[in-house]
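Participant: Predicted coordinates and the sequence they were generated for:
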Amino acid sequence: MLIAKSRIVVLALIAAVLMGIAGTATAQSGDYVKTFDLPTKPTTDGAYKGVDPTGAKVVFWHPHQGVREAAIKGAVDKFNAGNPWHITVQSVYKGDYPVIFQAMLAALQTKDLPNLTVAYQNEAATYQNINALVDLNDFYNDATYGFGKSATDDFFQGYLKQDVNPQFNNQRLGMALYRSTEVMFYNKDALKALGYDAPPKTWDQFKEMSCKYKASGADRTGFEVRTDASFVAAAAFGQGGDIYDYKSNKFIYDSAEAQVMPQVMQDLMQQGCASLLAANFGDQNDFAAQKSLFYAGSSSGLPFVRDAIKKSGKDFNWDIAAIPYSDHPVQNVYGASVSIPKTTKPQELAAWLFVRWYTEPEQQADWAKATNYFPVRQSTATQLADYFKTNVQYKSAFDLLKDTKAEPPVAAYAAVRPLAQKALNNVLDGKPVGDEFTKLNDASNDLLTKNQPGAPLPTPLPTKVPTAAATTAK
């Protein structure tokens with residue numbers, strides 16, 4: 001009898017333990033465990049089994065100044081004070097994005113590397129040509145340090161896809177901490193005066209409105225054309241197309257969708273309803289001074305547009321809309337991610353723990369409010385309700401993020417971008433769109449062939465860290 005009772009007790013204890021295990025929230029079970037609540041003892045499985053990040057130091061290179069640098073430092077201080085591994089992150093302003101790229105090329109030769117660096121997707125691909133970066137899938141899919149299904153579903157899915165590189169067997173070469181998107185700023189009061197109650201949805205509507213605004217007063221233009229490669233990509237996405245085919249791993253600038261906007265811009269230039277951007281941020285300033293009806297640029301430029309309007313002394317109602325589209329808006333979402341260079345295992349894990357923590361909605365909300373960048377987790381919106389009410393243009397842009405695409409993450413894209421700009425400039429000078437974009441496509445794919453995995457690193461150029469910068473960096 002006693003034996004039977006003992007067996008019952010033992011079975012009950014086993015059942016309780018098993019129920020406790022089954023009910024434990026882990027990435028493996030699909031649940032998300034907040035970073036500071038993760039186990040501090042080294043794991044017994046996964047790519048980082050047995051690795052102890054306790055006491056590790058992480059050097060983080062970033063390009064942010066002013067309020068953005070203050071936000072970075074505030075987050076770093078919070079992480080350093082609260083993480084249970086006593087990891088110390090040191091944030092280092094290294095210069096703007098091109099300066100960081102050159103500094104990384106030099107560091108890869110000396111091996112004096114940071115543990116975490118900001119990198120655009122094509123830059124990360126360049127580093128990975130010599131296998132210099134950690135494949136973040138090792139963390140992303142980890143049973144302990146990963147996100148689990150619940151958190152993965154909470155991310156904007158396009159952001160997660162952006163850093164998966166098809167040239168490197170879909171390695172994840174970076175992780176998004178923030179994003180911005182290509183948008184159309186428009187003058188609501190001017191549109192109303194012209195008889196319109198909504199921004200243009202199609203390029204035909206855009207052309208009509210631009211020409212009416214040009215004719216409505218002296219020293220006016222409908223639009224100042226920015227020939228940046230990101231505008232070319234954004235317009236192709238809006239037409240339901242792309243500039244890169246991920247199945248064949250080829251550029252497709254010769255597609256019909258990629259050529260719609262260039263033809264529209266040529267038509268507007270020839271009709272006198274648009275002009276070429278003459279100076280950096282000249283289109284932004286002219287929009288603020290009501291010299292132009294529309295301005296296309298990064299949503300991260302919101303505070304700069306506000307300031308420009310205030311300085312112009314011409315207060316007016318304005319808002320944000322999608323780049324004209326064929327069926328529904330498809331947003332070009334861009335921005336540098338953070339990559340983890342290969343250093344020591346404890347430092348790599350420590351860097352990931354900081355990245356993981358930074359993606360949590362609390363940190364994302366703080367960052368969004370300070371910088372006007374978009375958070376990477378959808379649930380962050382619940383913490384931004386008051387911010388949305390007082391920043392209506394930010395909310396307008398945020399609402400566009402339902403369907404997104406990204407520019408190609410391949411290393412060759414850095415060299416392709418100026419070619420895309422040149423092609424659009426040639427079109428604005430009157431050359432046939434088909435001819436220019438076919439030549440662009442051929443040249444782009446030739447560069448792609450020369451920049452396959454294993455290609456040598458470019459020679460780093462001398463760099464000088466700027467002392468001040470106030471730009472609408474993507």
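Facilitator: That came in fine, so what should we check first? What you are looking at is a predicted structure, and each value in this text was computed from that prediction instead of being measured.
Participant: From here on, just use CA atoms for contacts and neighbour counts.
Facilitator: Fine.
Participant: Would you map the strands across the stretch 351-474 of the chain?
Facilitator: 404-405 (DSSP state E, counting those that start in this stretch).
Participant: Now do the helices in the stretch 301-450 of the chain.
Facilitator: 302-312, 345-358, 361-371, 385-390, 392-398, 413-428, 433-450 (DSSP state H, counting those that start in this stretch).
Participant: Out of those, flag the one nearest Pro166.
Facilitator: Pro166 sits nearest to helix 433-450 of all the helices of the stretch 301-450 of the chain, at 12.7 Å, using CA to CA.
Participant: any idea how far Asn441 is from Val416?
Facilitator: Note on Val416: its distance to Asn441, by CA to CA, to the nearest Å, is 9 Å.
Participant: Show me where the protein dips below the pLDDT cut-off.
Facilitator: For the chain, applying pLDDT under 70 flags the ranges 1-29, 462-474.
Participant: residue nearest the centroid of it?
Facilitator: Gly335 (2.6 Å; CA atoms, centre = their mean).
Participant: about what we covered before: out of the helices of the stretch 301-450 of the chain, deepest packed?
Facilitator: Neighbour counts (mean count of other CA atoms under 10 Å) averaged over each of the helices of the stretch 301-450 of the chain peak at helix 345-358, with a mean of 22.
Participant: returning to that earlier point: for the helices of the stretch 301-450 of the chain, could you give me TSV that also reports distance to Thr40?
Facilitator: Below are the helices of the stretch 301-450 of the chain laid out as TSV (distance: least, CA to CA, whole Å):
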stretch	distance to Thr40
helix 302-312	41
helix 345-358	11
helix 361-371	21
helix 385-390	34
helix 392-398	36
helix 413-428	40
helix 433-450	44
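Participant: quick one on the thing from earlier: touching, the residue nearest to the centre of the chain and Asn122? I think so.
Facilitator: No: here Gly335 lies out of contact with Asn122, judged by CA atoms under 8 Å, at a distance of 11.2 Å.
Participant: List phi and psi for Asn131.
Facilitator: Main-chain dihedrals, Asn131, degrees, to the nearest 10: phi 60, psi 50.
Participant: Please name the residues that touch the residue nearest to the centre of the chain.
Facilitator: Residues counted as contacts of Gly335 (CA atoms under 8 Å, 6 or more residues apart in numbering) are 120, 176, 178-180, 474.
Participant: Would you reformat these as CSV and include distance to Lys247 and secondary structure?
Facilitator: Output for those, formatted as CSV (distance: CA to CA, whole Å; DSSP: H, G, I helix; E, B strand; the rest coil):
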residue, distance to Lys247, secondary structure
Tyr120, 22, coil
Ala176, 23, coil
Tyr178, 27, coil
Arg179, 25, strand
Ser180, 26, strand
Lys474, 27, coil
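Participant: and which of those is nearest Thr44?
Facilitator: Closest to Thr44, out of all of the contacts of Gly335 and judged by CA to CA, is Ala176, at 27.8 Å.
Participant: if I pick the closest one, what's in contact with it?
Facilitator: 159-160, 163, 335-338, 376.
Participant: Of these, which is the most crowded?
Facilitator: Asp163 (28 neighbours; other CA atoms under 10 Å).
Participant: Show the backbone phi and psi for that residue.
Facilitator: Backbone torsions for Asp163, taken as degrees, to the nearest 10, come to phi -100, psi 0.
Participant: May I have the residues that are in contact with it?
Facilitator: So Asp163 contacts 121, 172-176, 337, 409 (CA under 8 Å, 6+ apart).
Participant: about what we covered before: next, format the contacts of Gly335 as CSV and append distance to Phe287.
Facilitator: Shown next, in CSV, are the contacts of Gly335 (distance: CA to CA, whole Å):
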residue, distance to Phe287
Tyr120, 29
Ala176, 31
Tyr178, 26
Arg179, 24
Ser180, 20
Lys474, 19
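Participant: wait, Lys41 sits on Thr54?
Facilitator: No: Lys41 sits out of contact with Thr54 when judged by CA under 8 Å, with a separation of 9.2 Å.
Participant: More neighbours: those two, which one.
Facilitator: Thr54 (19 against 12).
Participant: Around the closest residue to that one other than its chain neighbours, how many other residues sit close by?
Facilitator: Closest residue in space to Thr54, ignoring its immediate chain neighbours: Trp85 at 4.5 Å, by CA to CA, 6 or more residues apart in numbering. Number of residues near Trp85 (other CA under 10 Å) recorded here: 18.
Participant: Can you give the distance of stretch 445-452 from its chain's centre?
Facilitator: What separates the centre of stretch 445-452 from the centre of its chain is 24 Å, taken as CA atoms, centre = their mean, to the nearest Å.
Participant: Could you do stretch 198-205 as well?
Facilitator: For stretch 198-205 - counting by CA atoms, centre = their mean - the centre lies 26 Å from the chain centre.
Participant: Go through stretch 91-108 and flag the buried ones.
Facilitator: Across stretch 91-108, burial judged by 16 or more other CA atoms under 10 Å covers 91-97, 99-106, 108.
Participant: and Gln393, what does it touch?
Facilitator: Per CA under 8 Å, 6+ apart, neighbours of Gln393: 302, 319-320.
Participant: actually Ala236, not the one I typed
Facilitator: 242-243, 257-261.
Participant: Looking at the residues you listed, which is nearest Val59?
Facilitator: Scanning these for proximity to Val59, where the rule is CA to CA, the winner is Ile243, at 35.4 Å.
Participant: Look up how far Ser298 lies from Asp399.
Facilitator: 15 Å.
Participant: Neighbour count: those two, which is higher?
Facilitator: More crowded of Asp399 and Ser298, by other CA under 10 Å: Ser298, with 24 against 10.
Participant: Excluding sequence neighbours, find me the nearest residue to the more buried one.
Facilitator: Nearest non-adjacent residue to Ser298 (CA to CA, 6+ apart): Glu182, at 4.7 Å.
Participant: Am I right that the one you found is in a strand?
Facilitator: Yes: judged by DSSP: H, G, I helix; E, B strand; the rest coil, Glu182 forms part of a strand.
Participant: What segments of the stretch 1-150 of the chain are strands?
Facilitator: Going by DSSP E, counting those that start in this stretch, the stretch 1-150 of the chain shows strands at 57-62, 88-93, 116-119.
Participant: Name the residues that touch the first one?
Facilitator: By CA under 8 Å, 6+ apart, the residues outside strand 57-62 that reach it are 87-96, 100, 114-118, 347, 350-351.
Participant: quick one on the thing from earlier: common neighbours of Lys41 and Thr54, please.
Facilitator: Counting by CA under 8 Å, 6+ apart, nothing touches both Lys41 and Thr54.
Participant: returning to that earlier point: to Tyr127, which of the helices of the stretch 301-450 of the chain lies closest?
Facilitator: Minimum separation from Tyr127 across those (CA to CA) falls at helix 413-428, 12.7 Å.
Participant: between the closest one and helix 433-450, how big is the angle?
Facilitator: Orientation check (axes from the mean of the first three to the mean of the last three CA atoms, to 10 degrees): helix 413-428 against helix 433-450 gives 170 degrees.
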